[in-house]
Each structure stands twice: as C-alpha cells, then as structure tokens.
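Engineer: Show me how the following folds:
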Amino acid sequence: MPAPAAILDLVARFGEHIDAYKSGSYHEKQLRTDYIDPLFEALGWDMNNKQGYAEAYRDVIHEDQVKVGGVVKAKARQKKKIGSNLETTVALTLPAEGFTHSVFSDPATLHEFLILSDLQITRGTDLTAAVTESSHHKCARCWKHLSDIGTHDAHPTLCGRCVEAVG
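Structural biologist: Next up is the predicted model:
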C-alpha cells in the first residue's frame, strides 16, 4: 500500500520548513494543528468526531481515557511514569509496501516531527505503533531520553547533540 498523498504532502511541507519549526517559536499546539491532526486524518481517523459518536466510541478520545500498555495514560502521568512524548519509546511498524518517502528512512527527522526521544522503525504488514516508557536517562538540556546520556565525561547529564551545542 503506497503512502497516501496527504501524508506525502505533509512530509514534504515539513521538510521544506524544518528550520523554522526548530527555531523555538513554533509551538506544540501549532504542530498538532498543522501536522499531527492532518496526519491522523490522512490515516483515516475522525479527529473532530464528525460522525457524532459518544465519547467512548470516538476515534479520538480524551487523554484520561487513552490506555498505554494497559494503563490509563492519565494515571501513568500522575505516577510520573509518562509525563510527555519525550519520555516514551515508540515502536513504529510501517507496511512493507508504501511509505517510501525518504523521511521514513530518517528517524532523526521523524523524532522532530513526532516530538519523540526514541523511535524504533520496522517494516511489517500493517501500520502500527506501540508506546512504552523510555528506559533511557533524560538530557538536562533538551529533555530527550537518549541512550548516550552519561557517556560524555565533560557533561555527564547531556546527550551528544547538546554536548556539541555547549562546547
């Protein structure tokens, strides 16, 4: 199954303006409006409940109803298990056919697009995503949970990218 044209358009637009998005003036709400919601709509989700379903039957339900690994996400947040996207590991399975745009072979760009720390991409038969709590430490500067935290003698609380940035 080839990637829908709407997804390819979103990826292309994101790639064209990525520097502006990384500037710090582009906020999460804008990202959700401009990219995340349209991405899910392109995948067939009814983001605005146009079908008028009751809360329990909507494609998109309130956060306190979302279950992550069998645990209600809000409870996981209360217990400080998951506080943000940056604290999760996402295992994304892309269909073997389609999703051939170069961005799908570039996890670093997808990390920025999806606001994630750890993204594992595999190929399979269906498009799926599994979310788990990250096992990595948090960078004191960028807040991403990455495997190289603690491996830099001069800055043991920073990731490699932040070590380069601070010199």
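Engineer: could you measure residue 45 against residue 36, distance?
Structural biologist: Residue 45 sits at a distance of 11 Å from residue 36 (criterion: CB to CB, to the nearest Å). Quick note: C-beta positions are derived from backbone N, CA and C, even for glycine.
Engineer: okay, these two: which has more neighbours?
Structural biologist: residue 36 (16 against 13; other CB atoms under 10 Å).
Engineer: Skip the chain neighbours and tell me the closest residue to the more buried one.
Structural biologist: Ranked by CB to CB, 6 or more residues apart in numbering and with sequence neighbours excluded, the top spatial neighbour of residue 36 is residue 114, at 7.9 Å.
Engineer: Tell me where this protein has strands.
Structural biologist: Read by DSSP state E, the chain holds these strands, from start to end of the chain: 67-68, 71-72, 88-95, 118-124, 128-133, 137-138, 145-146.
Engineer: List the buried residues for the third one?
Structural biologist: It stands for strand 88-95. Within strand 88-95, the residues scored as buried using 16 or more other CB atoms under 10 Å are 88-90, 92-94.
Engineer: between those residues, which is closest to residue 107?
Structural biologist: The shortest approach to residue 107 among the buried residues of strand 88-95 belongs to residue 92, at 9.2 Å (CB to CB).
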